[in-house]
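**Student:** Compute the structure for the input listed below.
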Amino acid sequence: MEVSAQTSELEQIQDWKVEVNSVRDTLRSMQNRLELLSGKKSDEDSLAQIEHFQNQFIRQLEVSDEMFHDLKQCAKKISNNGQLSVLHDDRPVDDCATMEDRMQTFRKLYHELQEEFNAFSAFS
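**Tutor:** As a prediction, the model looks like this:
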């Protein structure tokens, strides 16, 4: 791999890691807002929505952790010219193009959740 392409991919991965960390921070903030809302809501429909968001935030944080880990592994692979120093059996390490596709999906799902939660919290 050409050095400039390798550097460009590593910079892109670093940007994605920053983005994933920002998403994690925002999710934690939304969890805190949900906790405040849960004290004000007691009807059955609202409680079901609150549970839905609790579950979605937990899952999205798990996905964020997985993405961050996979981005780190991808960067290590690129830095070592395609060779992993430690092999992981749980998930294969993706290339930069695959990680870009995964980031697009990650962003889409996160923004959908954020919009859904903002609509719910606006009526509270």
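
**Student:** Show me the shaky parts of the protein.
**Tutor:** Scanning the chain with the threshold set as pLDDT under 70 gives 1-3, 82-92, 124.

**Student:** in it, which spans are helices?
**Tutor:** 3-38, 44-79, 96-122 (DSSP state H).

**Student:** can you redo those helices as TSV with mean neighbour count?
**Tutor:** In short, each C-beta sits where N, CA and C put it, glycine included. Rendered in TSV, the data for these read as follows (neighbours: other C-beta atoms under 10 Å):
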stretch	mean neighbour count
helix 3-38	15
helix 44-79	16
helix 96-122	14
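
**Student:** Could you export stretch 53-71 as CSV, CA atoms only?
**Tutor:** What follows is stretch 53-71, C-alpha atoms only, in CSV (Å, rounded to 0.1, in the frame of the first residue of the first chain):
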residue,chain,number,x,y,z
PHE,A,53,-35.6,4.3,24.3
GLN,A,54,-33.7,2.7,27.2
ASN,A,55,-33.3,-0.4,25.2
GLN,A,56,-32.3,1.5,22.1
PHE,A,57,-29.7,3.6,23.9
ILE,A,58,-28.2,0.5,25.5
ARG,A,59,-28.0,-1.2,22.1
GLN,A,60,-26.6,1.9,20.3
LEU,A,61,-23.9,2.2,22.9
GLU,A,62,-23.0,-1.4,22.4
VAL,A,63,-22.8,-0.8,18.6
SER,A,64,-20.7,2.3,19.3
ASP,A,65,-18.2,0.2,21.4
GLU,A,66,-18.0,-2.4,18.7
MET,A,67,-17.4,0.2,16.0
PHE,A,68,-14.7,1.9,18.0
HIS,A,69,-13.0,-1.4,18.6
ASP,A,70,-13.2,-2.4,14.9
LEU,A,71,-11.9,1.0,13.8
